[in-house]
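Quick one, fold the following:
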Amino acid sequence: MVTSCWKMRHLVAAVDAAAEPAKGPRMYEVKSGDTLARIAVRAYGRASRARDIYEANRDKLSSPNAVREGLQIVLP
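Residues are numbered from 1 along each chain as shown. Take a look at the predicted model:
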């Protein structure tokens, strides 16, 4: 019984690890109605990460409010 419990814990850990989102930056195409805060909530679960998205895309955004549909941005 101990062996099967040990195997089950490792199987659950492996499934959890596989379900984690990829680490590192990824691209996102801004959609109609998007704001950096909405994108941050969808990507990270917290609107406060909007500042991180802005900082990662300063070369494309003149201000945090300058997002426009179709723009390709980096999600850090």
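
Every contact and neighbour count from this point should use C-alpha atoms.
Noted.

those helices in the protein, which residues are they?
Shown for the chain, the helices assigned by DSSP state H span residues 2-19, 36-44, 50-56.

Comparing the ones you listed by mean pLDDT, which bottoms out?
Lowest mean pLDDT within these: helix 2-19, at a mean of 50.

Contacts only, for residue 37.
Contact analysis of residue 37 by CA atoms under 8 Å, 6 or more residues apart in numbering lists 46, 47, 48, 49, 50.

Model confidence score at residue 70, please.
If you check residue 70, the pLDDT there is 98.

How about residue 48?
Reported pLDDT for residue 48: 97.

got it, and the one 10 residues further on?
Each residue has a pLDDT score; the one for residue 58 is 97.

From residue 73, how far out is it?
Spatial separation of residue 58 from residue 73 under the definition CA to CA, to the nearest Å is 10 Å.

quick one: which of those two has more around it?
residue 73 (21 against 12; other CA atoms under 10 Å).

I'd say the more buried one and residue 29 touch.
Yes - the criterion here is CA atoms under 8 Å, and residue 73 meets it with residue 29 at 6.3 Å.

Okay then, goodbye and thanks.
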